[in-house]
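**Student:** just the structure for this:
(one chain, ligands or ions: 1)
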Amino acid sequence: MRIDVVSIFPEYLEALNISLLGKAQDSGLLEINVHDLRDHTFDRHKTVDDTPYGGGAGMVMKPEPWALTLEGILEQSPVERPVLIVPTPSGEVFSQPGAYELAESEHLIFACGRYEGIDERMFHWARERFDVRLMSLGDYVLNGGEVAALAMIEAIGRLVPGVVGNPESLVEESHSDDGLLEYPVYTKPSSWREYEVPEILLSGDHARIAAWRKEQQAERTRTRRPDLWTKHQNMA
Ligand code: ADE
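**Tutor:** Residues are numbered from 1 along each chain as shown. Next comes the predicted model:
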């Protein structure tokens, strides 16, 4: 999979070069390119923003540096109409099913805006060339799209076949098919300070362990995420 990220703070994206995603890049499973939006400005100050028409607080990102940068990326795209993800709190909420869907794409581009947003005409221009997806990490406001892009790239990238060494670890995690949160996990020693590992996990009785874990999942989901619990019950 090819991923391009456009930002005025390319240093933010350096975290993509470590751990699992770093290894996936080294092995060629992922190709991640980070672009500095300011490389497509032509004034001395490398200006990417200006005041909003109609007045109001803050600054708006100018459309031309975006179009020039995205045109360059489009020329190198392995597909005719790549997906352009724009992280924004006013987008659809990103979730695990969305991550699975996007992990099927050959080419994803992330456009990380700052300030009050990008001139709306850039979106009209982009919709003629890309599958534009406005995506929110959740109902809170970040200073820009970079942290959201990092989170989405990690969630999507780890679903690309081969990126996670043991694909079974993708099966039993929170937000997977059954809609339940993960069960609690323990490791050695079985007795730590004044705390013990639940007896049943030491029993070797796999059927009872599986049943206990299911109960724990249900209890956690019911108390921590009543919204998911209701959905789960309606699935059954
Ligand atoms: N940019 C600013 N806030 C955001 C959010 N909650 N999700 C995605 N992008 C953002």
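**Student:** starting from the helix or strand hosting P89, tell me which strands it pairs with and how they run.
**Tutor:** Using DSSP states H and E, P89 sits within strand 83-93. Sheet pairing of strand 83-93 (DSSP bridges) gives strand 107-111 (parallel), strand 131-136 (parallel).
**Student:** need the winner for burial among those strands.
**Tutor:** Sort the strands paired with strand 83-93 by mean neighbour count, taking mean count of other Cβ atoms under 10 Å, and strand 107-111 sits at the top with a mean of 25. (Glycine included, C-beta is placed from N, CA and C.)
**Student:** could you pick out the longest helix of this protein?
**Tutor:** Ranked by number of residues, the top helix in the chain under DSSP state H is helix 206-224.
**Student:** so what touches that one?
**Tutor:** With Cβ atoms under 8 Å, 6 or more residues apart in numbering as the test, helix 206-224 has contacts from 178-184, 198, 200-201, 203, 228-229, 232.
**Student:** give me that answer again for 6 Å
**Tutor:** Residues from elsewhere that reach helix 206-224 (Cβ atoms under 6 Å, 6 or more residues apart in numbering): 180-181, 183-184, 200, 228-229.
**Student:** dump that helix to CSV, keeping only the CA atoms.
**Tutor:** Listed next in CSV are the C-alpha coordinates belonging to helix 206-224 (Å, rounded to 0.1, in the frame of the first residue of the first chain):
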residue,chain,number,x,y,z
HIS,A,206,-9.9,-24.3,27.9
ALA,A,207,-13.6,-24.4,27.6
ARG,A,208,-14.2,-22.8,31.0
ILE,A,209,-11.5,-20.2,30.3
ALA,A,210,-13.2,-19.3,27.0
ALA,A,211,-16.6,-19.0,28.8
TRP,A,212,-15.0,-16.8,31.5
ARG,A,213,-13.4,-14.5,29.0
LYS,A,214,-16.7,-14.1,27.1
GLU,A,215,-18.4,-13.1,30.5
GLN,A,216,-15.6,-10.6,31.2
GLN,A,217,-16.0,-9.1,27.7
ALA,A,218,-19.7,-8.7,28.2
GLU,A,219,-19.3,-7.2,31.7
ARG,A,220,-16.7,-4.7,30.5
THR,A,221,-18.7,-3.7,27.5
ARG,A,222,-21.9,-3.3,29.5
THR,A,223,-20.3,-1.1,32.1
ARG,A,224,-17.8,0.9,30.1
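**Student:** next secondary structure element downstream of it?
**Tutor:** In N-to-C order, the element after helix 206-224 by DSSP H and E is helix 226-235.
**Student:** elements contacting that following helix?
**Tutor:** If you count contacts as 3 or more Cβ pairs under 6 Å, 6 or more residues apart in numbering; DSSP states H and E, helix 226-235 packs onto helix 206-224.
**Student:** looking at the contacts of helix 206-224, which are in helices?
**Tutor:** Secondary structure assignment by DSSP H places 228-229 of these in helices.
**Student:** measure the residue nearest to the spatial centre of the chain to V141 for me?
**Tutor:** Among the residues of the chain, the one closest to the centroid is M152, at 0.8 Å (Cα atoms, centre = their mean). For M152, the distance to V141 (Cβ to Cβ, to the nearest Å) stands at 16 Å.
**Student:** same deal with V197?
**Tutor:** For V197 relative to V141 (Cβ to Cβ), the value is 41 Å.
**Student:** more crowded one of the two?
**Tutor:** The neighbour comparison of V197 against V141 (other Cβ atoms under 10 Å) goes to V197, with 16 against 9.
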